[in-house]
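# Fold the following, please.
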Amino acid sequence: MKKAQKPAPEKPVDKLTKAEAKAALAELAAEIAHHSQLYYQKDAPEVSDAEYDALVQRNQAIEARFPELRRADSPSEKVGAPAASGFAKVRHSLPMLSLDNAFAEEDVRDFFARVRRFLGLAEDVPVEVMAEPKIDGLSASLRYEDGKFVQGATRGDGTVGEDITPNLRTMDDVPKTLKGAAPPKVFEVRGEVYMRRSDFAKLNERRQAAGEPLFANPRNGAAGSVRQLDPSITASRPLHFFAYSPGEMDRAALGKSQSDFLKKLEARGFAVNPLARLCANVEEALAFHAHIQSQRAELPYDIDGVVYKVDRRDWQERLGMVSRAPRWAIAHKFPAEQAETLLRDIRIQVGRTGALTPVAELEPINVGGVMVARATLHNEDEIARKDVRIGDRVILQRAGDVIPQILAVVEKARPKNSKPYVFPDHCPVCGSLAIREPGEVVRRCTGGLICAAQAVERLRHFVSRNAFDIEGLGDKRVAELLADKLITTPGDIFRLKNHRAALEEREGWGKQSVAKLMEAIEARREISLERFIYALGIPQVGDATARLLARNYGSLARWRQAMQEAQDPESPALQELDSIEGIGPSVAADIIGFFAEPHNLAILRDLEKEVAVEEFVAPAGLAHSKVAGKTVVFTGSLEKMTRPEAKARAETLGAKVAGSVSKNTDYLVVGADPGSKAKKAAELGVTVLDEDSWLKLIGED
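Presented below is the predicted three-dimensional model:
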């Protein structure tokens, strides 16, 4: 019998029709949101760094070709994870950014080309980069005032981190006082806490002898050591620190280039990586990557790639950043590691939106130093494309300290009685029909509120790390409380104190654990606007979109009123929502739809009785900006900078960049051939600035 042909591989972006692109973006949004939740909220990732980044990159490529279909829940805007609840919180004066990734030479060449386009550089103008080994450790920020070390923090979510000052003070590589004369008033340094391989092996030997669980790799060992509530434990661990980038400091301390800054760090007493090298062009950068990769196994510490940073400081400032990463840097990762194992079973998970996600249960295997037992299979099309079956031997790939992807099936090892996997058409939790809408790749349970899995997932989302972050309300307890109807809505969580006596008598709870839970709940009665918006679980509104909404509306009252008014298709409120750079029509429709549902409004009213939602607070470093909080629109051709550069600079200064003019616009910046926007600005009385006036306003004339 002729073997059935497998479905075709993923269609290239440039071959997609508009309908296919819309469907692909919907699939990517669901997949990326799922993996983000597992990684950042549950510490249980199912895909590799490489696969996660590939999803983000495909999403970005489709959006670039079809900008009108852009969805605002792209996890390419994510940074790290929220601060852990056991530490005091530190709000970074300047965001601690993540990095975009490159996995092939072509990606690196594209990075250099993007820098040239953004800055408008001619081909004969050299773009030098500082190439630095990417240490596999824990990012940290060290703050010095008048030369004295006063505070240390983890990255956290990029905006708020964990205060680990006492722990960092125990490390020899962290200067307690800056060397050199006339220390700056504020000198904030970012870098990486890491553990050498030899020290890691000795630490695990001691833990094994003491009957304690072993760390999976040096990165976990370093992170676990720094996040000890008892600094004496950190002091007993062999930790080191490489400094590599600036936080808040004056321009004189920064220097004119990244290479200059590294020298200044050494002069102030910090350890910097001696392997870092200034590369004159892309060819030298790629040659350095190949050299470091060949030496990787012989290094005393783990690295997972090379970071390229545009060397000139003035170019870095012009390039600015996107919401999660600088445009002037990229991480060139090393190839992924692979292994082979048995696929024992395929389990279907049901998410809060009813999405059915297949997960491969694997024979546990060590892949690059990490024991792996699960991998995502994404959706039924992916299972069919790779013809994955229960009982197959499969090839896994891992890039970074996460659970890997399934690359392929070892067909020669397939059992003779093997049968193709049949994706369920009914929900495995409630038995309701699971349907797949035309153009969608995700199959969803139609059970809605009667589906226990969806109800549980919605409440789990509400208490998750990026949302209310309530310690003690894990998956099991949320499910238990929901089953016993002690909580049915988010507001019920804050009324659990009325059931305290009953909870203390429950098996597996006890007075101490209940007391800690009550304390954790009370500590969350005040919450930032962006976390509150994210916690509501509005479709397509991830934490990046939640921050965007919080930044543009400022308060819960104003946001709610505007969203209710936006239900009128002719309203200025809808125009304002549509004009926000990063909010597409699909996302806007989901937000407005949420507020059109009386049940959701009732939940909001109930929550407002229990919690106080703080107004949005811009980073402290933007307090001096004259345009912070202002809404700016750019139109026409600019002469002194490219349009993307102008938008990026405005956002860096705390401005809200919109795509169209409305009554809420503060400034319209016009270049040559401004078009209809200038006419509308005149009608609405909006302040119109030419390019020179704009640069003078922001202090760059």
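
# where does this structure have its least confident helix or strand?
Least confident helix or strand, the chain: helix 49-65 with a mean of 74, by mean pLDDT, DSSP states H and E.

# Contacts only, for the nearest residue to Arg495 once chain neighbours are set aside.
Spatial nearest neighbour of Arg495, excluding adjacent residues (CB to CB, 6 or more residues apart in numbering): Glu610 at 7.3 Å. Every C-beta, even on glycine, is put in place using the N, C-alpha and C of the backbone. For Glu610, the contact set (CB atoms under 8 Å, 6 or more residues apart in numbering) comprises Gly491, Phe494, Arg495, Arg525.

# How about Leu178?
So Leu178 contacts Tyr144, Gly147, Lys148, Phe187, Arg268, Gly269 (CB under 8 Å, 6+ apart).

# quick one: it from Val587, how far?
46 Å (CB to CB, to the nearest Å).

# Out of the contacts of Leu178, grab the one that's most surrounded.
Highest neighbour count within these, by other CB atoms under 10 Å: Phe187, with 24 neighbours.

# Name the helix or strand for the nearest residue to it once chain neighbours are set aside, please.
With sequence-adjacent residues excluded and distances taken as CB to CB, 6+ apart, Phe187 is closest to Tyr144, at 4.3 Å. Element membership for Tyr144 (DSSP states H and E) is strand 138-145.

# from the middle of its chain, how far away would that strand be?
How far strand 138-145 lies from its chain's middle: 20 Å, per CA atoms, centre = their mean, to the nearest Å.

# got a list of what the residue nearest to Glu266 when sequence neighbours are not counted touches?
Of all residues not flanking Glu266 in the chain, Val272 sits nearest, at 5.6 Å (CB to CB, 6+ apart). Shown in contact with Val272 (CB under 8 Å, 6+ apart): Phe242, Ala243, Tyr244, Leu262, Leu265, Glu266.

# thinking again about what came up before, looking at the contacts of Leu178, which are in strands?
Within those, residues falling in strands by DSSP state E are Tyr144, Lys148, Phe187.

# Against Met96, how distant is the first one?
The reference is to Tyr144. 16 Å.

# repeat for the second one
As for Lys148, its distance to Met96 is 21 Å (criterion: CB to CB).

# Please identify the helix or strand for Val688.
Val688 belongs to strand 687-690, assigned by DSSP H and E.

# what comes into contact with that strand?
Asp666, Tyr667, Leu668, Val669, Val670, Gly671, Ala678, Ala681, Ala682, Leu697.

# try 7 Å
Asp666, Tyr667, Leu668, Val669, Val670, Ala678, Ala681, Leu697 (CB atoms under 7 Å, 6 or more residues apart in numbering).

# Excluding chain neighbours, what is closest to the fifth one?
Ranked by CB to CB, 6+ apart and with sequence neighbours excluded, the top spatial neighbour of Val670 is Gly636, at 5.0 Å.

# For the one you found, what are phi and psi?
phi 80, psi 180 (degrees, to the nearest 10).

# distance of it from Glu597?
Distance from Gly636 to Glu597, by CB to CB: 41 Å.

# Those two: which is more packed in?
Gly636 (18 against 10).

# Give me the local confidence score for that one.
As predicted, Gly636 sits at a pLDDT of 84.

# Could you name the helices and strands sitting against the least confident helix or strand of the chain?
helix 18-36 (3 or more CB pairs under 7 Å, 6 or more residues apart in numbering; DSSP states H and E).

# again, only this time at 10 Å
Applying 3 or more CB pairs under 10 Å, 6 or more residues apart in numbering; DSSP states H and E, one finds that helix 49-65 makes contact with helix 18-36, strand 101-102, strand 329-333, strand 393-398, strand 405-409.

# Any chance of CSV for those, columns distance to Val350?
CSV is the format used below for those (distance: least, CB to CB, whole Å):
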stretch, distance to Val350
helix 18-36, 11
strand 101-102, 31
strand 329-333, 33
strand 393-398, 24
strand 405-409, 21
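
# Quick check: which of the ones you listed is nearest to Val442?
helix 18-36 (5.0 Å; CB to CB).

# Sort out which residues of the closest one are buried, please.
Neighbour counts over helix 18-36 (16 or more other CB atoms under 10 Å) mark 21-36 as buried.

# Looking at those, which is nearest Ile591?
Nearest member of the buried residues of helix 18-36 to Ile591, counting by CB to CB, is Ala29, at 14.3 Å.

# so what are the domain limits for the protein?
When the chain is parsed with automatic domain parsing, its domains come out as 89-333, 528-620, 624-697.

# Take these and write them to a markdown table, including distance to Ala455.
Output for these, formatted as a markdown table (distance: least, CB to CB, whole Å):
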| stretch | distance to Ala455 |
| --- | --- |
| domain 89-333 | 27 |
| domain 528-620 | 11 |
| domain 624-697 | 36 |
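
# Of those, which is nearest Ser513?
Of the domains of the chain, nearest to Ser513 by CB to CB is domain 89-333, at 17.7 Å.

# chain center to the closest one, what's the gap?
Centroid displacement of domain 89-333 relative to its chain, using CA atoms, centre = their mean, is 18 Å.

# Now do the end-to-end distance for it.
Counting by CA to CA, to the nearest Å, you get 31 Å between the two ends of domain 89-333.

# now it: mean pLDDT?
For domain 89-333, the mean confidence score works out to 92.

# what's the answer for stretch 469-482, then?
The model assigns stretch 469-482 a mean pLDDT of 88.

# Now do that stretch: distance from first to last residue.
End-to-end distance (CA to CA), stretch 469-482: 18 Å.

# Buried ones in it, by neighbour count?
Asp469, Ile470, Glu471, Gly472, Leu473, Arg477, Val478, Ala479, Glu480, Leu481, Leu482.

# Next, format the residues you listed as CSV and append distance to Glu248 and secondary structure.
Shown next, in CSV, are the buried residues of stretch 469-482 (distance: CB to CB, whole Å; DSSP: H, G, I helix; E, B strand; the rest coil):
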residue, distance to Glu248, secondary structure
Asp469, 26, coil
Ile470, 31, coil
Glu471, 30, coil
Gly472, 35, coil
Leu473, 35, coil
Arg477, 40, helix
Val478, 39, helix
Ala479, 44, helix
Glu480, 45, helix
Leu481, 43, helix
Leu482, 44, helix
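
# Name the nearest of those residues relative to Val422.
Once CB to CB is applied, the member of the buried residues of stretch 469-482 that ends up nearest Val422 is Ala479, at 27.9 Å.

# ok, the closest one touching Val429?
No - between Ala479 and Val429 there is no contact under CB atoms under 10 Å: 11.1 Å.

# shared neighbours, those two?
Ala452, Ala453, Ala455, Val456 (CB atoms under 10 Å, 6 or more residues apart in numbering).

# mind listing which of these are in helices?
Ala452, Ala453, Ala455, Val456 (DSSP state H).

# burial measure for the first one, as a count.
Yep, that's Ala452 we're talking about. Neighbours around Ala452, by other CB under 10 Å: 16.

# Quick one: mean pLDDT over the longest strand seen in the chain.
Across the chain, the strand with the greatest residue count (assigned by DSSP E) is strand 337-350. Averaging pLDDT along strand 337-350 yields 90.

# where exactly do the strands run in the stretch 51-200 of the chain?
With DSSP state E, counting those that start in this stretch as the criterion, the stretch 51-200 of the chain has strands at 89-91, 101-102, 129-135, 138-145, 148-154, 160-162, 186-194.

# Many thanks, we can stop here.
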